[in-house]
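J.: What shape does this take:
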Amino acid sequence: MARAATPAITALLTAEAPHEVLRYHHDPQNESYGEEAVNELARVDGVDPEQVFKTLVIALPKGLGVAVLPVPAQLSLKAAAAALGVPKATMADRAAAERATGYVVGGISPFGQRKKLPTVVDRSALRWDRILCSAGKRGWDVAVHPQDLIRLTDAVIADIRAPD
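T.: Here you go, the predicted structure:
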């Protein structure tokens, strides 16, 4: 098999998980990565902002974890910690997140991370036939079935959105 463009795509190919890679223009000056993805991918027919998911790395009492939720939503660190069975969580340091995942912030994918981290996916993912998340590079997303995301990351499902 030819080498895929990112470890995330390699992981999906290896698992034979159906997926579609979607590329969009990434402006290097823009650091609102999720919003940029939503704005660019919303131009694709049938893509709702709520089905574009962000991958956030969180610091747990003993290591790191991953929270995957819709871009428009705010993460409840308390809910994410509870879902992962720990008393508390904070946002991970950028350098630690990049070191653990092997990706740069703005391109962190839940798939193909350097080190498999405990993962929680927001329950809203189950509403969709496909969700979009980072393919491991800024400006690249991958459309997958939510059950494949859950299966390939050994994720737990929980309501991890902060109240509006």
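J.: Just to check, Leu152 is in contact with His19?
T.: No. Using C-beta atoms under 8 Å as the test, Leu152 is too far from His19 to be in contact (10.2 Å). The C-beta positions use only the backbone N, C-alpha and C, and glycine is treated the same way.
J.: so who does the residue nearest to the spatial centre of the chain touch?
T.: The chain has Thr55 as the residue nearest its centroid, 2.9 Å off, counting by C-alpha atoms, centre = their mean. The contact partners of Thr55, by C-beta atoms under 8 Å, 6 or more residues apart in numbering, come to Val66, Ala67, Val68, Ile108, Ser109, Pro110, Cys133, Ser134.
J.: Show me what secondary structure element comes after the helix or strand harbouring the second one.
T.: Read it as Ala67. For Ala67, the element it lies in under DSSP states H and E is strand 63-70. From strand 63-70 onward toward the C-terminus, using DSSP H and E, the following helix or strand is helix 77-83.
J.: Packing partners of that next one?
T.: The helices and strands touching helix 77-83, judged by 3 or more C-beta pairs under 8 Å, 6 or more residues apart in numbering; DSSP states H and E, are strand 53-60, strand 156-158.
J.: 7 Å instead, please
T.: strand 156-158 (3 or more C-beta pairs under 7 Å, 6 or more residues apart in numbering; DSSP states H and E).
J.: Which positions in the strand it packs on come out as buried?
T.: Within strand 156-158, the residues that qualify as buried by neighbour count (16 or more other C-beta atoms under 10 Å) are Ala158.
J.: Quick check: Val66 vs Ala89, distance?
T.: Distance, Val66 to Ala89, by C-beta to C-beta, to the nearest Å: 11 Å.
J.: cool, and Ile150?
T.: The spacing between Ile150 and Ala89, counted by C-beta to C-beta, is 20 Å.
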